[in-house]
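Visitor: task: produce atomic coordinates for the following.
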Amino acid sequence: MAANPVPPGHDHIIPHLVVRGAAEAIAWYIKALGAKEIARMPFPDGKAIMHAELRIGHSILLFADEFPGSDCSSPSQLKGTSVSLTMYVPDVDAAYNRAIQAGAKSIAPPVNMFWGDRYSKLTDPFGHSWALLSHVEDMSHDEMAKRGQEFMKNMKKG
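Guide: Below you'll find the predicted structure:
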């Protein structure tokens, strides 16, 4: 019997975060974002994590400590990140506040946006950027475009 090329319960695209201090990061994601640890594989020295899997809602997030010779770097090593993770949550205000209380840095507190989501942005203690959102209003693409134009016009004024 052939194996399924996409393992059951896995999405087709899975973020793989490289961090400095993966064990601490895993504990933070559990506390701040409600993640559940699925698996953890340490390096042979037992100090760093070679591979870990967390589940947040229906999504899987992979983790590894940075290590020499790898082509992947942590935000700490890069002095920033080029990726922002987006996570829909039932209550963005509660999720944002929980993350801030757990040590995240606020970039933008929750606010209702023109596209129908209540949106916030933060940086976790390991340098990864997160947008936390709750969908609060359904609208047509035409209405969204109209509101977007108005939003941009108001931004130019301010």
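Visitor: what's the longest helix in this protein?
Guide: Taking DSSP state H as the criterion, the chain has its longest helix at helix 141-157.
Visitor: buried set for that helix?
Guide: residue 147 (16 or more other C-beta atoms under 10 Å). C-beta coordinates here come from the backbone N, C-alpha and C atoms, glycine included.
Visitor: I'd like to know which elements the helix or strand of the chain with the lowest mean pLDDT is packed against.
Guide: When each helix and strand of the chain is scored by mean pLDDT, DSSP states H and E, helix 75-78 comes last, with a mean of 87. Contacts defined by 3 or more C-beta pairs under 8 Å, 6 or more residues apart in numbering; DSSP states H and E place helix 75-78 against no helix or strand at all.
Visitor: flag every buried residue along that helix.
Guide: For helix 75-78, using 16+ other C-beta under 10 Å, the buried residues are residue 75.
Visitor: picking that back up, give me the contacts around the longest helix of the chain.
Guide: 113, 114, 115, 116, 139 (C-beta atoms under 8 Å, 6 or more residues apart in numbering).
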